[in-house]
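Undergrad: Here's my sequence, what's the structure:
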Amino acid sequence: MTKKEICERYLKVYSAAVCDVLDGLGFTNQAIVENLHPVTFSAKLVGYATTARGTPTSLKIDPTNNYGLKFVDGLLEDQIVVIDATGDRSSAHWGELMSTAAKSKGCRGALILGGIRDVEKIVELGFPVFYQHKIPTDINGRWNYIEFGIPIVKGNVTIHQDDFILGDLSGVVVIPNSLVMKVLLEAEEIVKVEHTVREKLKRGESPLEVFKIYGKF
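TA: Sure thing, here's the model as predicted:
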């Protein structure tokens with residue numbers, strides 16, 4: 001199965017089902033607990049992480065050696081940009097033009113552990129972005145990229161290059177690359193069962209009896 005096909009199937013499951021599967025596999029700390037916001041209620045992240053980290057700086061960016069633009073220029077189809085701003089709140093670490101370039105390369109969204117700007121334009125573009133804060137200031141002279149393809153640790157969660165990212169209104173979960181297919185198949189089964197349970201509850205059937213049969217509530 002291609003990465004694109006896997007991503008399309010992950011669009012049909014949701015973070016709670018994926019976390020239930022990961023819990024059952026012993027991976028109990030895969031949800032990012034930091035306060036993350038989707039740019040729209042319909043924004044959903046599904047794709048393979050490509051990571052970057054930066055640091056505060058007072059140096060101006062050299063136009064001929066712009067690491068951020070080099071990072072975006074190297075993006076691939078079905079990736080999710082994951083940027084660790086290392087706690088910086090002085091500037092926006094992602095914006096409209098980065099989103100436009102990323103989308104043109106087939107990138108499926110961005111998880112910005114930091115700030116964004118140009119929010120209206122990102123929404124118009126239809127590019128899914130999850131972020132921690134909004135601020136209109138540029139990074140130039142405030143923050144710069146320093147590392148790429150590195151593990152990013154947020155709380156108890158470590159995001160490695162090529163791990164799978166799924167984000168929806170309930171939150172963001174990180175699926176280790178080696179478990180992507182196993183988690184997908186089991187999450188799809190959970191979604192089917194929960195659909196059946198939901199329909200029975202809508203018909204007024206006893207929650208206790210439904211739980212006894214399906215083990216879900």
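Undergrad: mind listing what F130 touches?
TA: For F130, the contact set (CB atoms under 8 Å, 6 or more residues apart in numbering) comprises L36, H37, P38, V39, A43, L45, G109, A110, L111, I112, G167, V172. Every residue, glycine included, has its C-beta placed from N, CA and C.
Undergrad: does P136 sit in a helix, a strand or a coil?
TA: coil (DSSP: H, G, I helix; E, B strand; the rest coil).
Undergrad: Could you dump the contacts of F130 into a markdown table with neighbour count, distance to V123 and secondary structure added?
TA: Formatted as a markdown table, these follow (neighbours: other CB atoms under 10 Å; distance: CB to CB, whole Å; DSSP: H, G, I helix; E, B strand; the rest coil):
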| residue | neighbour count | distance to V123 | secondary structure |
| --- | --- | --- | --- |
| L36 | 17 | 16 | coil |
| H37 | 13 | 12 | strand |
| P38 | 19 | 10 | strand |
| V39 | 23 | 6 | coil |
| A43 | 19 | 9 | coil |
| L45 | 28 | 15 | strand |
| G109 | 25 | 13 | strand |
| A110 | 29 | 13 | strand |
| L111 | 29 | 17 | strand |
| I112 | 25 | 15 | strand |
| G167 | 24 | 16 | strand |
| V172 | 25 | 19 | strand |
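Undergrad: Which of those residues lies at the shortest distance from L59?
TA: Checking these against L59 by CB to CB gives I112 as the nearest, at 21.6 Å.
Undergrad: you'd agree the closest one is up against A85?
TA: Yes - counting by CB atoms under 8 Å, I112 does reach A85; the two are 7.3 Å apart.
Undergrad: where in this protein is pLDDT low?
TA: Scanning the chain with the threshold set as pLDDT under 70 gives 63-64, 196-201, 205-217.
Undergrad: quick one: the helices in it?
TA: Ranges of helices within the chain are 3-10, 15-24, 67-73, 96-104, 119-125, 180-202, 207-214, based on DSSP state H.
Undergrad: Disregarding flanking residues, what is the spatial nearest neighbour of I122?
TA: S99 (5.1 Å; CB to CB, 6 or more residues apart in numbering).
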